[in-house]
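S.K.: sequence-free structure coming up:
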């Protein structure tokens, strides 16, 4: 069992390193361009490996870890929903979500309720606060999913904003895990929630950028290639 755990850990670390590099690279590359797509796909699959290995390790006897479970499940949900929304652009014009989309949302909802409940039982420590925060964020995102699956979005660019939010949030999860495991300087709560604060500012910046109406002479050509 220890050999299996160490093998999973090695794969987890390797995939995590790839995600830490390709996530920011994807954000910096021209949206919709060749390199954005390439680094984005590598980041997506690397994060799925990170999530799978995290959840598996957290489920092994003698290695149960609420930290790994939270990061693993949340990471899988973020990148999966962020990737799937690229195939759901037609929701605004009558397209219906697939069973897979509902499954991703409902599994995350169940785990989010578990995270919140677990956190409320231990609010006296940082772990409890973090569990409630991440569980609440997840519930908010799932609520958005249910809303767009049941009511046609009024903004036809909803998919772009969702894609940006989920994939940057996936980066947040990756850097949170890296800091929590390797940090020896910052307070624990800062290591846990610092990437969320910074990442939220990044999400806000990009969404405002793409919601801004082009000035005279500007084009939105890059959006035509996004997705």
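M.R.: Noted; the coordinates are in hand. Just so it is clear, the model here is predicted, and its values are computed rather than measured.

S.K.: in stretch 145-154, what counts as buried?
M.R.: Within stretch 145-154, the residues scored as buried using 16 or more other Cβ atoms under 10 Å are 145, 148, 149, 153. Yep, even glycine has a C-beta here, placed from its N, CA and C like the rest.

S.K.: and these, which is closest to residue 160?
M.R.: Residue 160 has its nearest neighbour among the buried residues of stretch 145-154 in residue 153, at 11.1 Å by Cβ to Cβ.

S.K.: show me the shaky parts of the chain.
M.R.: Within the chain, the segments meeting pLDDT under 70 span 126-127, 213-227.

S.K.: ok, which stretches of the protein are helices?
M.R.: For the chain, applying DSSP state H gives helices covering 2-28, 34-59, 66-84, 99-120, 126-150, 158-182, 188-211, 221-224.

S.K.: of those, which approaches residue 92 most closely?
M.R.: Short answer: helix 158-182, nearest of the helices of the chain by Cβ to Cβ, at 6.5 Å.

S.K.: centre of the chain versus that closest one, how much separation?
M.R.: On the basis of Cα atoms, centre = their mean, to the nearest Å, helix 158-182 is displaced by 4 Å from the centre of the chain it belongs to.

S.K.: just list what that helix packs against, helices and strands only.
M.R.: Using 3 or more Cβ pairs under 8 Å, 6 or more residues apart in numbering; DSSP states H and E, the elements in contact with helix 158-182 are helix 2-28, helix 34-59, helix 66-84, helix 126-150, helix 188-211.

S.K.: helix 158-182 and the first one, what's the angle between them?
M.R.: Using axes from the mean of the first three to the mean of the last three Cα atoms, to 10 degrees, the interaxial angle of helix 2-28 with respect to helix 158-182 works out to 130 degrees.

S.K.: next, the angle from helix 2-28 to helix 66-84.
M.R.: Angle, helix 2-28 to helix 66-84, by the same axes, to 10 degrees: 40 degrees.

S.K.: shift numbering so it begins at 388
M.R.: All set: I'll call the first residue 388, so the last point we hit is now helix 389-415.

S.K.: so helix 389-415 versus helix 421-446, what angle?
M.R.: 150 degrees.

S.K.: can you give me the buried ones in helix 389-415?
M.R.: When neighbours are counted by 16+ other Cβ under 10 Å, the buried residues of helix 389-415 are found to be 392, 395, 398-399, 402-403, 405-407, 409-414.

S.K.: residues touching residue 518, list them.
M.R.: By Cβ atoms under 8 Å, 6 or more residues apart in numbering, the contact set of residue 518 is 453, 457, 502, 503, 505, 506, 509.

S.K.: number of residues surrounding the second one?
M.R.: In terms of burial, residue 457 registers 29 neighbours under the definition other Cβ atoms under 10 Å.

S.K.: would you agree it is in contact with residue 521?
M.R.: Yes. With contact defined as Cβ atoms under 8 Å, residue 457 counts as touching residue 521 (5.7 Å).

S.K.: give me the common contacts of those two.
M.R.: residue 502.

S.K.: can you tell me the closest non-neighbouring residue to residue 519?
M.R.: Computed as Cβ to Cβ, 6 or more residues apart in numbering, the closest residue to residue 519 that is not its neighbour in sequence is residue 506, at 3.6 Å.

S.K.: who's in contact with the one you found?
M.R.: Residue 506 neighbours (Cβ under 8 Å, 6+ apart): 514, 515, 516, 517, 518, 519, 520, 522.
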